[in-house]
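Enquirer: need a structure here:
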Amino acid sequence: MATGNDNRPISTVLIFAAMDSEALPIIQYFKLSPDDGSLFPLGVPWIRYHGYYKGLNLNVIYPGKDRDLGINSVGTVPASLVTYASIQALKPDLLINAGTAGGFKVKGVSIFDVFLVSDLAFHDRRIPIPGPDKYGVGRRQSFSTPNLVKELNLKVTQNGFRQMFYKF
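Expert: Modelled structure (predicted):
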């Protein structure tokens with residue numbers, strides 16, 4: 001189980017979005033500036049915008065577009081690569097996945113719903129062999145966030161996903 005220091009203040013926030021259409025409203029709302037290109041390895045299509053809001057160092061990242069097809073580089077591989085590189089470079093105190101994150105309307109999820117997950121699993125990595133199938137799903141518990149719930153005055157309800165659903 002993951003453990004964290006609940007008393008450490010949040011100063012650097014990393015917001016991941018899979019697509020530009022998910023990232024751009026956030027970038028525009030907080031009036032973030034484009035990165036100069038020095039954070040990521042030369043030649044990758046990854047995008048970063050950054051700035052400050054109420055004392056927080058905000059960073060929005062997304063994988064960018066496939067150079068050959070011109071479409072958003074969605075999926076677990078681009079997401080994990082840009083997120084890992086960003087975590088290593090920026091050392092954020094909080095990571096936010098701004099997108100569907102597996103949420104679906106038929107399950108009662110709406111735009112602007114906020115989830116603080118208690119556990120997570122891979123949905124794109126299937127290994128149909130007994131034993132490695134558990135590795136493929138890769139269930140993991142996330143950090144406990146009682147202070148975040150308290151500070152943001154979030155309401156807790158059950159959603160039907162195996163995670164807690166917090167709604168403003």
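Enquirer: Mind jotting down where the strands sit in this structure?
Expert: Along the chain, counting by DSSP state E, strands occupy 12-16, 33-34, 47-53, 56-62, 94-97, 114-115, 119-120, 140-141, 155-158, 164-167.
Enquirer: what is the mean pLDDT for the fourth one?
Expert: In other words, strand 56-62. Per-region confidence: strand 56-62 scores 96 on mean pLDDT.
Enquirer: Quick check: the gap between the residue positioned nearest the centre of the chain and residue 131.
Expert: In the chain, the residue lying closest to the centroid (C-alpha atoms, centre = their mean) is residue 97, at 2.0 Å. According to C-beta to C-beta, to the nearest Å, residue 97 and residue 131 sit 29 Å apart. Glycine gets a C-beta too; all of them are placed from N, C-alpha and C.
Enquirer: Tell me which residues touch the nearest residue to residue 48 once chain neighbours are set aside, please.
Expert: In space, and not counting its chain neighbours, residue 48 is closest to residue 35: 3.9 Å by C-beta to C-beta, 6 or more residues apart in numbering. Counting by C-beta atoms under 8 Å, 6 or more residues apart in numbering, residue 35 touches 47-50.
Enquirer: would you turn the strands of the chain into a markdown table with distance to residue 76?
Expert: Output for the strands of the chain, formatted as a markdown table (distance: least, C-beta to C-beta, whole Å):
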| stretch | distance to residue 76 |
| --- | --- |
| strand 12-16 | 12 |
| strand 33-34 | 25 |
| strand 47-53 | 18 |
| strand 56-62 | 14 |
| strand 94-97 | 12 |
| strand 114-115 | 18 |
| strand 119-120 | 12 |
| strand 140-141 | 14 |
| strand 155-158 | 27 |
| strand 164-167 | 23 |
